[in-house]
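Visitor: sequence? don't have it. structure:
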Ligand SMILES: O=C(O)C(=O)C[C@]1(C(=O)O)C=C[C@@H](O)C=C1
């Protein structure tokens, strides 16, 4: 199960279970990066000269989200749209989601900073320069990366909820005084962050190696740079997850 949402049957929520889900999501994210790295940058996707409002990738993400909204994707409180304005209503209600989050948490959407770091900072480091014309496939793999990153980062809402429930007396004073820095300190576990970075680097190495049937060593060529995967987590994924946690906690007593 890759969800941060607890099982509907057992409405229990534990930090260990949510961390397990974050660990499983690392696999998804690393594989998404490997898929995107098959294509060069394809910069035309990102230029505002295609006759759309915005870039071609923006158009594709907006339209795909509209279709997925009809299929009920954004009924799941773990999912946040990149273009949440004017999304169509769902045609199906596939599942009832347990209400574990505080209602104010629903308004937290970190997708703008996610979009910005992904396209402007991270992508040029991940892929080769060049243009192979595979715009539709490239945009689809960008969207897969964005959605996987967004889901992981917004799981911070669940992490924050469980941390609050486990120690309300510790969290309530800084929430009442709206002290961001104290909340950030309370929710940070540096040893956990170090393990996350090491594990993501290792996953990039293992999932991205050349697999051959003979025993010759491949000379250490990987489909993505393992250190870049660790850096993605260090510079963007974990800081934004913590930002979600702080924003959630600030609203937790509303
Ligand atoms: O595992 C936690 O406690 C989290 O809050 C998640 C996370 C992360 O993003 O991986 C963020 C902050 C902590 O310092 C450690 C890890």
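Guide: Cool, the structure landed. The model shown is predicted, which means the values in this text are computed figures rather than measured ones. Residues are numbered from 1 along each chain as shown.
Visitor: would you mark the buried spots in stretch 118-133?
Guide: By 16 or more other CB atoms under 10 Å, the buried positions in stretch 118-133 come out as 118-119, 122-123, 126-127. Heads up, the C-betas are built off the backbone N, CA and C, glycines and all.
Visitor: counting neighbours, what do you get for residue 173?
Guide: 10 (other CB atoms under 10 Å).
Visitor: contact residues of the stretch 51-200 of the chain facing the ligand?
Guide: By CB under 6 Å from any ligand atom, the part of the stretch 51-200 of the chain that sits against the ligand consists of 159, 187-189, 192-193, 196.
Visitor: how about CSV for those residues, with pLDDT, neighbour count and secondary structure added?
Guide: Output for those, formatted as CSV (pLDDT from 0 to 100; neighbours: other CB atoms under 10 Å; DSSP: H, G, I helix; E, B strand; the rest coil):
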residue, pLDDT, neighbour count, secondary structure
159, 97, 22, helix
187, 98, 19, helix
188, 98, 12, coil
189, 98, 12, coil
192, 98, 13, helix
193, 98, 16, helix
196, 98, 21, helix
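Visitor: what's in contact with the lengthiest helix in the chain?
Guide: Longest helix in the chain, counting residues (DSSP state H): helix 15-36. In this structure, residues lying in contact with helix 15-36 by CB atoms under 8 Å, 6 or more residues apart in numbering are 1-4, 6, 123, 126-127, 138, 141-142, 144-145, 148-149, 151-152, 155, 158-159, 162-163, 166, 192, 196, 199-200, 203-204, 207-208, 223-224, 229, 232, 237.
Visitor: switch to 7 Å and redo it
Guide: Contact with helix 15-36 is made by 2-4, 126-127, 141-142, 144-145, 148-149, 151-152, 155, 158-159, 162-163, 166, 199-200, 203-204, 207-208, 223-224, 229, as judged by CB atoms under 7 Å, 6 or more residues apart in numbering.
Visitor: what's the average pLDDT for stretch 133-146?
Guide: The pLDDT scores in stretch 133-146 average 97.
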